[in-house]
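In: model the structure of this input:
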Amino acid sequence: MIDYFERTLRLTDLEVWTIRIQRVHYSLVIVDERRKVAVEELDIADFIIYEDEQRTNYVSVSIYSESDVQDGHIEPLADLAKQLTEHLALAHCDVITKFYTEQPEIAIDRLLIEKYGYKLADISLEKLWHLNQD
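Out: Sure, this is the predicted structure:
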């Protein structure tokens, strides 16, 4: 069971959620990729995808933790990701959740730099006063 979760950042194409389960901290990052999913991103061996079967948009969900995700935490984290993105799956989007072992703060800064050109610490306090931080 999830003990705590909070959205800590909301940009137009990216959200960051902080999650705690039994004193273990995770960061869940949702990114609207604004493109169709590539076959390599599906991680399914020998998978054939036909153009007419592809969904219109790809939304990635990445869950980061400093150590390997505990077995008992995988299901609640995946369920939360599904709840947060269920409306997207209904809107003809591919939503793919993956787990990564990486320090969450470093991973989030890397993603922000790649996508927006700045780190989390570069966002002014005034922007955090609003529902959307763009």
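In: which helix runs longest in this protein?
Out: In the chain, assigned by DSSP state H, the helix with the most residues is helix 71-90.
In: so which elements touch it?
Out: Contact partners of helix 71-90 among helices and strands, from 3 or more Cβ pairs under 8 Å, 6 or more residues apart in numbering; DSSP states H and E: strand 14-21, strand 24-32, strand 57-65, strand 93-101. For the C-beta atoms, the positions are set from N, CA and C on the backbone; glycine is no exception.
In: now with 6 Å, please.
Out: Taking 3 or more Cβ pairs under 6 Å, 6 or more residues apart in numbering; DSSP states H and E as the contact definition, the neighbouring helices and strands of helix 71-90 are strand 57-65, strand 93-101.
In: what lies in contact with that helix?
Out: Contacts of helix 71-90 from elsewhere in the structure, counted by Cβ atoms under 6 Å, 6 or more residues apart in numbering, are Ile2, Ile21, Val59, Val61, Ile63, Val95, Thr97.
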